[in-house]
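Enquirer: quick one, fold the following:
(2 chains)
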Number of protein chains: 2
Amino acid sequence: MKNRFCTGFTAGAAAAGLKKKKGARDLGIIYSEVPATAAGVFTRNRVQAAPVRLDRERIAAGVCRAIIVNSGNANCCTGSKGMADAVAMGRFAADALGVAEETVLVASTGVIGQPLDIEKVATAMPDLVASLRPDGLDDVAEAMMTTDLAPKVVSRTGEIDGHPFTVVGAAKGSGMIRPDMATMLCFVCTDAGAAAETLQTSLSRSVDRSFNRITVDGDTSTNDTVLVMANGRSSAVVDSPEREAVFGAVLDEVLMELARMIVRDGEGATKLVEIAVTGAESDAAARLVADTVAHSNLVKTALFGEDANWGRIIAAVGRAGTPIDPDRIDIRFDDVLMVEGGMGGGEAAEVRATRVLKTPEFTISIDLNMGEGGASALTCDFSLEYVRINADYRS
Amino acid sequence: MKNRFCTGFTAGAAAAGLKKKKGARDLGIIYSEVPATAAGVFTRNRVQAAPVRLDRERIAAGVCRAIIVNSGNANCCTGSKGMADAVAMGRFAADALGVAEETVLVASTGVIGQPLDIEKVATAMPDLVASLRPDGLDDVAEAMMTTDLAPKVVSRTGEIDGHPFTVVGAAKGSGMIRPDMATMLCFVCTDAGAAAETLQTSLSRSVDRSFNRITVDGDTSTNDTVLVMANGRSSAVVDSPEREAVFGAVLDEVLMELARMIVRDGEGATKLVEIAVTGAESDAAARLVADTVAHSNLVKTALFGEDANWGRIIAAVGRAGTPIDPDRIDIRFDDVLMVEGGMGGGEAAEVRATRVLKTPEFTISIDLNMGEGGASALTCDFSLEYVRINADYRS
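Expert: Below is the predicted model:
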């Protein structure tokens, strides 16, 4: 079943021949029939792909009519030709749609350091524009997949003063990073109305609670991009703190679910694991601990081995760089208390914990018993398949 | 051939039954016939094994007669019994050797969170002390191995004012971390004479240039310990800045070679790779870049795949958190210029770079062309075998 899209948006996809697989769709487009307000969040990597640099400039105006995206090539480390290609890609879409060039945003994902074959994009433009239709976002989600195993689309609805609105997002990525790029892309459309600044505030907050809380392998992409467009076609208007809260909660739901989908589809991942830290001196300290455990290769390989190896967890907690008292730490696998006051619960606990580890999704709760701070992070296991995928990716 | 040891030191090993493998030596001892000055460097992990906490206290006096070490159990997260066991282990050695209890240092390596079977240590003490002999350090190196494939001993000589001296070190570990513990241990003996403070200064500086510049998987152990004993049995005395420089250079050589041996024996490693960064704004910035590249799972899996995937290197440089200009970066694989001004050198360069990648040891040089800062780091590739070892370690 196709995902329901928002009023006033259409989307579509086409095959431009940028992906190795012949005939695979690798070009996507999202179009707003009316000028939409827009906001974006981009990678913090200092090496940034040409389309990221272009979008940063264009998003400042807070208006967007269309997003064009390709997979198969990241258009990163491609010099001045790369920037010219990103601009050209946007212009092709602007011309075909009859909108101003500055209102088109551009995104790319794939291998770094190879020139984009812009002629192929030009050739595919008629097909791409012809594919636009109200339920086309699933096709965009598919077209931007690289090593993703599944397309990722989430739709949620809310209500402001009795006026319903929809938030729909499409994402690709297997975590903070994808092979050669780890590119995570996410495009969100809503028919709610909101000023660009309001949209930016909501987006930044939601990203911090969703995409910034996940990891697959700890590398940060040069192409990470999250864009949101609000076209105001519903009567729901986000123009007060209370309404921002309502809208933000729906946006949170969409982005958090997309984030979960990304980790679940993490390269080689067989398990989706939440690291929930409580009892820290502050939320920031809790976050540091959650991130350190979530990133630890030793914890992640133990998860793959379905081994309740809490020693690795406690060692990661210890190197997180925040004050802890080893003798106060409690660790649970779901509801199984494995470590109490820094010491292991023995064989009975281990048998029960191992049962939890054999399930595909579970939570590791770490109580530091130092204060009231809490935070969580989503991670996946680190499997043989991850190494295979990443040793062989370009060949 | 046994490694030559220092005058006035003896060492030996015995099987206590702490390792799973029956009859394997898992207990080692190093003895100084006269009181030696001593210095130590320990893990910065906030979770610290009982022997680490004990040694930190004892090393403050700057005197050491013996070091006793076991493998098979890290004696970490073992509560008050753990500390009592560490103290007992030291006392057994002190009693057997007839030296003061406070002058014995203790080290452990192995699985976290399981109580040490101290009775087994007590039972093995007569064998252990009987094994002491001048060329026994190789046996200690073997007895402290866990997943190490090879024992690691390095011996170098120097001369101060015509007086020769020797520095011999034994280490275990596969990097910053070992499975369940990543424990890296290193014991150094010298017949040079030096005040404890001098020894500490020299050791801290050398460790910063050697063990602190290597990584296998980026986790930091709860048991990392480097100890040095100087017995003054040679006539070489380290009592001036010039003499410290001579001694420090020899100590550097020993620790850097041991560090290389540890990375070469990294879990699952098939390649030893130096990441050499130049042209940074400062040495600190260069170090940050070298460390980030050396730790990147994507770079390390590409090394395993013998793939000249410079896009992953440049993406890691970009997220290191230090100012860089992507358009100025040059990258070489040994002498092959693969990236110039942030752009790839094309197929011819890639063919030559791939030839370098197929060798077991090479250097990746990254010139940021921003300033005069430089630093390097040693890393290994990230292989299928690493995941296998760490998924299965406890089972």
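Enquirer: which elements pack onto the strand of greatest length in chain A?
Expert: Using DSSP state E to assign secondary structure, the strand with the most residues in chain A is strand A:27-42. Helices and strands touching strand A:27-42, by 3 or more CB pairs under 8 Å, 6 or more residues apart in numbering or on different chains; DSSP states H and E, are strand A:9-14, helix A:50-59, strand A:63-71, helix A:118-130, helix A:137-143, strand A:185-190, helix A:196-209, strand A:225-230. Using the backbone N, CA and C atoms, a C-beta is placed for each residue, glycine as well.
Enquirer: mind checking which of these is nearest chain B?
Expert: Nearest of those to chain B, taken as CB to the nearest CB: helix A:50-59 at 10.3 Å.
Enquirer: so how far is that closest one off the chain centroid?
Expert: How far helix A:50-59 lies from its chain's middle: 18 Å, per CA atoms, centre = their mean, to the nearest Å.
Enquirer: looking at the stretch 101-250 of chain A, which residue is nearest chain B?
Expert: Nearest residue of the stretch 101-250 of chain A to chain B, counting by CB to the nearest CB: residue A:112, 2.8 Å away.
Enquirer: isn't that residue up against residue A:82?
Expert: No. Using CB atoms under 8 Å, residue A:112 makes no contact with residue A:82, being 10.4 Å away.
Enquirer: give me the common contacts of those two.
Expert: A:49, A:76 (CB atoms under 8 Å, 6 or more residues apart in numbering or on different chains).
Enquirer: got the angle between the longest strand of chain A and strand A:225-230?
Expert: 100 degrees (axes from the mean of the first three to the mean of the last three CA atoms, to 10 degrees).
Enquirer: next, residue A:378: phi, psi?
Expert: phi -110, psi 130 (degrees, to the nearest 10).
Enquirer: returning to that earlier point: list the buried residues for the longest strand of chain A?
Expert: Neighbour-count burial for strand A:27-42 flags A:27-32, A:35-42 (criterion: 16 or more other CB atoms under 10 Å in any protein chain shown).
Enquirer: do stretch A:6-16 as well
Expert: Judged by neighbour count (16+ other CB under 10 Å), stretch A:6-16 contains these buried residues: A:6, A:8, A:9, A:10, A:11, A:12, A:13, A:14, A:15, A:16.
Enquirer: please apply the same query to stretch A:233-249.
Expert: For stretch A:233-249, by 16+ other CB under 10 Å, it's A:233, A:234, A:236, A:237, A:238, A:243, A:244, A:246, A:247, A:248.
Enquirer: tell me the confidence at the residue of the stretch 101-250 of chain A closest to chain B?
Expert: pLDDT for residue A:112: 81.
Enquirer: got it, and the one 4 residues further on?
Expert: The model reports residue A:116 with a pLDDT of 95.
Enquirer: same check, this time on residue A:249
Expert: 89.
Enquirer: the closest residue to it other than its chain neighbours - how many residues pack around it?
Expert: Excluding its sequence neighbours, the residue lying closest to residue A:249 (CB to CB, 6 or more residues apart in numbering or on different chains) is residue A:158, at 7.1 Å. By other CB atoms under 10 Å in any protein chain shown, the residues close to residue A:158 number 22.
Enquirer: residue A:158 - that's part of a strand, no?
Expert: Yes. Under DSSP: H, G, I helix; E, B strand; the rest coil, residue A:158 falls within a strand.
Enquirer: so who does it touch?
Expert: So residue A:158 contacts A:164, A:165, A:167, A:192, A:236, A:246, A:247, A:249, A:250 (CB under 8 Å, 6+ apart).
Enquirer: recalculate using a threshold of 10 Å.
Expert: Residues in contact with residue A:158 (CB atoms under 10 Å, 6 or more residues apart in numbering or on different chains) are A:164-167, A:190, A:192, A:234, A:236, A:238, A:243, A:246-251, A:253.
Enquirer: of those, which belong to helices?
Expert: A:243, A:246, A:247, A:248, A:249, A:250, A:251, A:253 (DSSP state H).
Enquirer: any chance of these in JSON lines, with distance to residue B:101 too?
Expert: Shown next, in JSON lines, are the ones in helices among the contacts of residue A:158 (distance: CB to CB, whole Å):
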{"residue": "A:243", "distance to residue B:101": "71"}
{"residue": "A:246", "distance to residue B:101": "68"}
{"residue": "A:247", "distance to residue B:101": "68"}
{"residue": "A:248", "distance to residue B:101": "63"}
{"residue": "A:249", "distance to residue B:101": "63"}
{"residue": "A:250", "distance to residue B:101": "66"}
{"residue": "A:251", "distance to residue B:101": "64"}
{"residue": "A:253", "distance to residue B:101": "62"}
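Enquirer: tell me which two in those are the farthest apart.
Expert: A:243 and A:253 (16.1 Å; CB to CB).
Enquirer: thinking again about what came up before, now, which of the buried residues of stretch A:233-249 sits nearest residue A:377?
Expert: residue A:248 (20.5 Å).
Enquirer: surely that closest one touches residue A:208?
Expert: No. Between residue A:248 and residue A:208 there is no contact under CB atoms under 10 Å: 11.4 Å.
Enquirer: find residues that contact each of these two.
Expert: Going by CB under 10 Å, 6+ apart, no residue sits against residue A:248 while also sitting against residue A:208.
Enquirer: what's the spacing between residue A:326 and residue B:50?
Expert: 11 Å (CB to CB, to the nearest Å).
Enquirer: can you work out which residues contact both of these two?
Expert: Overlap of the contact sets of residue A:326 and residue B:50 (by CB under 10 Å, 6+ apart) consists of B:76, B:77, B:79.
Enquirer: give the contact list for the second one.
Expert: Pointing back at residue B:77 there. A:310-311, A:314-315, A:318, A:326-327, A:329, A:339, A:341-344, B:47-50, B:112-114, B:222.
Enquirer: in strands only, show me those residues.
Expert: A:339, A:343, A:344.
Enquirer: burial of the first one, as a residue count?
Expert: Think residue A:339. For residue A:339, the neighbour count with other CB under 10 Å is 24.
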